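Trainee: Starting from these lines, generate the structure:
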Amino acid sequence: MPGLKVQFLGSGDAFGHGGCLQACILLQWEGRRVLLDCGASAMISLQRYGVEPNSIHGILISHLHGDHFGGLPFFILDAQLHSKRTAPLLLAGPVGLAPRLEQAMEVNFPGSSQIQRKFATQITELAPGPAQDWCGLSVRAAEGLHASGAPALALRIEAAGKSLAYTGDTQWVDDLSPLLSGADLLIAEAYFHERPIKFHLSCTDVLARRGALNPGRLIFTHMSQDMLAHVGELPGETADDGLELIL
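Mentor: Here you go, the predicted model:
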């Protein structure tokens, strides 16, 4: 497969507005598959779009809210009990991912974090700074402003000669500019249309900076009911569950 293929398996906010599944984006290149975020509905997303869980090499998490990482306990238990995974599962996310994942496993399925698995789970905790090689990707992070009990990361990913920037959930901070600028694809949160909301980006926030960020393509995601009501008026693209594109 040439280039980097991007498929929105889930494009919604935490509350299912518009009937959309929670954040889960499938990246495919050169025989590799990675999930970018893994919201609580991720296993439904995989089933709906015919994505075999064992075909996923790694899962990259932006921040530790349930609509972005809450699917991990279900993915891991499916790998153990149903998909019968044997290949290592590579996980990456903000500092604090490892203990929070263990806590989430125990809250959802008490005792599950201690059961011996037939596959290794390898966790890489990311911090702002130089790009890291992970799961065949070049990954660079910047810290946003989004209260989640751990750092919330915006991410820049490079693979197959293409670049993808992802805001995750965050209020605007100037440290995001160098990370997001000039990407072939910018996937940006647009939680509300114009109304300023603490810890989140609005569509207006993003459009005001579009010229400076200069993305090759801009797609809005993580939209509330307020934002969805304005989709037909926007000068940019909006994600919907199932949307596919190739960079």
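
Trainee: hey, let's count contacts and neighbours off CA atoms from now on
Mentor: Noted.

Trainee: hey, where'd the strands end up in this protein?
Mentor: 5-10, 24-29, 32-36, 58-60, 89-94, 121-126, 132-134, 137-143, 153-159, 162-166, 185-189, 218-221, 237-238, 244-246 (DSSP state E).

Trainee: For those strands, give me TSV that also has distance to Val51.
Mentor: Putting these into TSV (distance: least, C-alpha to C-alpha, whole Å) gives the following:
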stretch	distance to Val51
strand 5-10	9
strand 24-29	9
strand 32-36	10
strand 58-60	14
strand 89-94	16
strand 121-126	20
strand 132-134	21
strand 137-143	20
strand 153-159	20
strand 162-166	21
strand 185-189	21
strand 218-221	21
strand 237-238	22
strand 244-246	13
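
Trainee: Rebuild those strands as TSV, extending it with mean pLDDT.
Mentor: Below are the strands of the chain laid out as TSV (pLDDT from 0 to 100):
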stretch	mean pLDDT
strand 5-10	98
strand 24-29	98
strand 32-36	98
strand 58-60	98
strand 89-94	98
strand 121-126	97
strand 132-134	97
strand 137-143	98
strand 153-159	98
strand 162-166	98
strand 185-189	98
strand 218-221	97
strand 237-238	94
strand 244-246	97
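
Trainee: of all the ones you listed, which lies closest to Leu176?
Mentor: Closest of these to Leu176 is strand 137-143, at 6.2 Å (criterion: C-alpha to C-alpha).

Trainee: For the closest one, which strands pair with it and how are they oriented?
Mentor: In the sheet containing strand 137-143, its partner strands are strand 132-134 (antiparallel), strand 153-159 (antiparallel), by DSSP bridges.

Trainee: How far does the longest helix that the chain contains sit from its chain's centre?
Mentor: Looking across the chain with DSSP state H, the single longest helix is helix 97-108. Between the centre of helix 97-108 and the centre of its chain there are 18 Å (C-alpha atoms, centre = their mean, to the nearest Å).

Trainee: Equivalent analysis for stretch 31-51, please.
Mentor: Put simply, stretch 31-51 sits 10 Å off its chain's centre (C-alpha atoms, centre = their mean).

Trainee: Now tell me what touches that stretch from outside.
Mentor: Residues outside stretch 31-51 that contact it (C-alpha atoms under 8 Å, 6 or more residues apart in numbering) are 1, 9-10, 21-28, 52-53, 55-62, 66-72, 74-75, 136, 242.

Trainee: Got a PyMOL select line for the buried ones in those residues?
Mentor: Buried residues among the contacts of stretch 31-51 (16 or more other C-alpha atoms under 10 Å), as a PyMOL selection:
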select buried, resi 9+10+21+22+23+24+25+26+27+28+53+56+57+58+59+60+61+62+66+67+68+69+70+71+72+74+75+136+242
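
Trainee: Could you report the neighbour count for the residue nearest to His63 when sequence neighbours are not counted?
Mentor: For His63, ignoring the flanking residues on the chain, the nearest one in space by C-alpha to C-alpha, 6 or more residues apart in numbering is Ala152 at 4.7 Å. A total of 27 residues lie near Ala152 under the criterion other C-alpha atoms under 10 Å.

Trainee: Can you pull the phi/psi pair for Ala152?
Mentor: phi -100, psi 130 (degrees, to the nearest 10).

Trainee: and Pro128, how far is that from His63?
Mentor: 13 Å (C-alpha to C-alpha, to the nearest Å).
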